[in-house]
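**Q** 3D model of this:
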Amino acid sequence: MKARLGIAPIAWWNDDLPELSDDVSLDECLRQAREAGFTGMETGRRFPMDPADLKPVLDKHGMSVCGGWFSGLLLDGDLEKEKERIAAQMTLFKAVGAPCIVYGETAGTIQGDRSAPLATKRRLSEDEIKAYGRKMTAFAEWCAGQGMPISYHHHMAAVIETEAELDLLMKHSGQALPLLYDAGHMAFAGGDVLRVIDKHHARISHVHTKDIRAAVVDGLDRSRESFLDAVVKGAFTVPGDGSLDFEAIVKRLASHGYEGWFVVEAEQDPVKSPPLQMAQTGHKELLRVMAAAGYSVEN
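**A** Numbers count the residues shown, from 1 in each chain. So this is what the prediction gives:
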């Protein structure tokens, strides 16, 4: 089986908390990621939207775009409006050969609001998730038809956060809606990271290898502290530096035949956790677990 290893720029620049950002250029970010051994980078706020500007800097470092976040508003919004909102990113991603756009639902989310405690996140009834699932399926079908699939990112502090919420979305959406599996977000939400793979492996099209520091997560007061408070405290980190068993996680994905990108996405303080050092730690651990799981890592 084949795998490719990518990383997200959120270790260098945090789009929700600019103060948790290293003062480096896109060129330097890509250089460090390639030095650490990665061949793919998800997009971030310092990426140009013109392929003519982006391709040369990618080529310079032997890197490709392995995905990138889109702040979706389909829960409360209109399907046609979302098609308009995603069009520019879709054009860029097709031009640079990206595998997918990471769809994050930001309607009603509190993930970027430091004043909103985790416990106050928006909760949907099953009927509301059923209606949302129909809209997401239609949007996913359209995106795939345009030549650029999305991958749905379950996320802390968003409407689809917990294992139960994800189960309902998968139940009430069609096979056309692919799933981005993020071990760190699912563990933070209290879910069983291996059981989620077993239940939804047929929908998994993209993987984020985010780790957590369990002591930080377990010590949070969710009635008072926000998602961003958790990030500042160091809830997330890279594989090899946290509490999750990524050998077991990757072996479980392999057992179901997953092939594709494994992307390190771990937002934390770049002063306390230097991005290059963290990237090297994450890459080393991923190489170890990929070998143990029988993957051949492509460069």
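**Q** residues touching residue 70, list them.
**A** Contact partners of residue 70, counting by CB atoms under 8 Å, 6 or more residues apart in numbering, are 86, 89, 101-104, 150. (Glycine included, C-beta is placed from N, CA and C.)
**Q** List the contacts of the host helix or strand of residue 27.
**A** Element membership of residue 27 [criterion: DSSP states H and E] is helix 26-36. Residues from elsewhere that reach helix 26-36, judged by CB under 8 Å, 6+ apart: 7, 9, 12-13, 24, 41, 46-48, 57-58, 60-63, 275-276, 279-280, 282-283.
**Q** Keep only those of these that are in strands.
**A** Among the contacts of helix 26-36, the ones falling in strands (DSSP state E) are 7, 41.
**Q** What about the contacts of helix 26-36, which are in helices?
**A** Taking DSSP state H as the definition of helices, the contacts of helix 26-36 contribute 57-58, 60, 275-276, 279-280, 282-283.
**Q** Rounded mean pLDDT for stretch 185-197, please.
**A** For stretch 185-197, the mean pLDDT works out to 98.
**Q** Make 379 the first number, not 1, from now on.
**A** All right, first residue 379 from here; so that's stretch 563-575.
**Q** quick one: stretch 562-575 to chain centroid distance?
**A** Remark: stretch 562-575 is offset 14 Å from the chain centroid, using CA atoms, centre = their mean, to the nearest Å.
**Q** Please measure how far the first residue of it sits from its last one.
**A** 13 Å (CA to CA, to the nearest Å).
**Q** who touches that stretch?
**A** 531-534, 539-541, 544, 559, 561, 582, 586-590, 592, 595, 608, 613-614, 620-622, 626-627, 630-631, 634, 643-644.
**Q** Same question for it: list its buried residues.
**A** For stretch 562-575, burial by neighbour count (16 or more other CB atoms under 10 Å) applies to 562-567, 569, 571-572, 574-575.
**Q** can you tell me which of these lies nearest to residue 500?
**A** Residue 500 has its nearest neighbour among the buried residues of stretch 562-575 in residue 567, at 14.1 Å by CB to CB.
**Q** And the residue most central in space within the chain, its phi and psi?
**A** The centre of the chain sits closest to residue 586, judged by CA atoms, centre = their mean, with a distance of 5.0 Å. The phi and psi values for residue 586, taken as degrees, to the nearest 10, are phi -100, psi 120.
**Q** what does residue 479 give?
**A** phi -100, psi 130.
**Q** re the thing from before, of the ones in helices among the contacts of helix 404-414, buried ones?
**A** Counted by 16+ other CB under 10 Å, those give 435-436, 653-654, 657-658, 660-661 as buried.
**Q** Can you list the residue ranges for strands in the stretch 379-528 of the chain?
**A** With DSSP state E, counting those that start in this stretch, the ranges of strands along the stretch 379-528 of the chain come out as 380-385, 418-421, 442-450, 479-483, 528-531.
**Q** Flag every buried residue along the longest one.
**A** Of all the residues in strand 442-450, those buried under the rule 16+ other CB under 10 Å are 442-448, 450.
**Q** out of the buried ones among the ones in helices among the contacts of helix 404-414, what pair is the most spread apart?
**A** Maximum pairwise distance among these (CB to CB): 22.2 Å, between 435 and 660.
**Q** ok, the closest residue to residue 525 other than its chain neighbours to residue 429 distance?
**A** Nearest residue to residue 525, sequence neighbours excluded (CB to CB, 6 or more residues apart in numbering): residue 472, at 5.7 Å. Going from residue 472 to residue 429 by CB to CB, to the nearest Å gives 9 Å.
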